[in-house]
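Asks: Need coordinates for the following:
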Amino acid sequence: MGYLHYWELKRNNFTNEFIKEAAFVIADNSDEVKGLRINEEYIAFNGWDGFDRFIFTGNKDSYCKTGIFSPENYDKPICAILLLAVYHFGEDMHLESDGLATIHIDPETKRVNKSWEEALQYVEKTYNYRFERDYYKDEVDQDRIKLIPVYKTKKDLTVLP
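Replies: A predicted model of the protein is given here:
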């Protein structure tokens, strides 16, 4: 049984800062990542057998099925890279994940599944990037969590070229 991460990035290329940070996430999780390709237009790598290849590129809807029973170490770098994209590209990046849906959310704390929690802690510890959590209803009226970047200063909002 799997779950999906799905996103849309409304731009063609990445910033140098995003590429460097994503490359560090991958290097920091190198035991889980195989067949890496990274440049200013896409990031792609394989994880564990039986799970989708992660391909992150601009100007198209994309998804990656990892799975509730997939090794969490494969899911964590995917979640972390998606968080970096939300932080760097703001409104140009739309992210949804079954891991951020009702069945994976603690209603009192708004904590989400383990891979997302670990990725949120990782990007905060590594880059000092924080995210607020807000409930919203999706197209089938299911509660989900939206992760909203908390920018430290106005300068942080100008990371887009």
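Asks: send the alpha carbons of the helix ranked longest in the chain over as PDB?
Replies: In the chain, with assignment by DSSP state H, the single longest helix is helix 72-89. Once non-C-alpha atoms are left out, helix 72-89 reads as follows in PDB (Å, rounded to 0.1, in the frame of the first residue of the first chain):
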ATOM      1  CA  GLU A  72      11.300   5.800   5.900                       C
ATOM      2  CA  ASN A  73      14.800   6.700   4.900                       C
ATOM      3  CA  TYR A  74      13.700   6.800   1.300                       C
ATOM      4  CA  ASP A  75      10.700   9.100   2.000                       C
ATOM      5  CA  LYS A  76      12.600  11.500   4.200                       C
ATOM      6  CA  PRO A  77      14.900  13.100   1.500                       C
ATOM      7  CA  ILE A  78      11.800  13.400  -0.800                       C
ATOM      8  CA  CYS A  79       9.900  15.200   1.900                       C
ATOM      9  CA  ALA A  80      12.900  17.400   2.700                       C
ATOM     10  CA  ILE A  81      13.400  18.400  -1.000                       C
ATOM     11  CA  LEU A  82       9.700  19.200  -1.300                       C
ATOM     12  CA  LEU A  83       9.900  21.300   1.800                       C
ATOM     13  CA  LEU A  84      12.900  23.200   0.400                       C
ATOM     14  CA  ALA A  85      10.900  23.900  -2.800                       C
ATOM     15  CA  VAL A  86       7.900  25.200  -0.800                       C
ATOM     16  CA  TYR A  87      10.300  27.500   1.100                       C
ATOM     17  CA  HIS A  88      12.200  28.800  -1.900                       C
ATOM     18  CA  PHE A  89       9.500  29.000  -4.500                       C
END
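Asks: mind listing the strands in the chain by residue range?
Replies: Under the criterion DSSP state E, the chain contains strands at 4-9, 34-38, 42-46, 54-57, 60-65, 93-97, 130-137, 143-150.
Asks: Can you give the contact residues for the second one?
Replies: With contact meaning CB atoms under 8 Å, 6 or more residues apart in numbering, strand 34-38 is reached by Ile19, Ala22, Ala23, Ile26, Ile43, Ala44, Phe45, Asn46, Gly47, Arg53. C-beta: built from backbone N, CA, C; applies to glycine.
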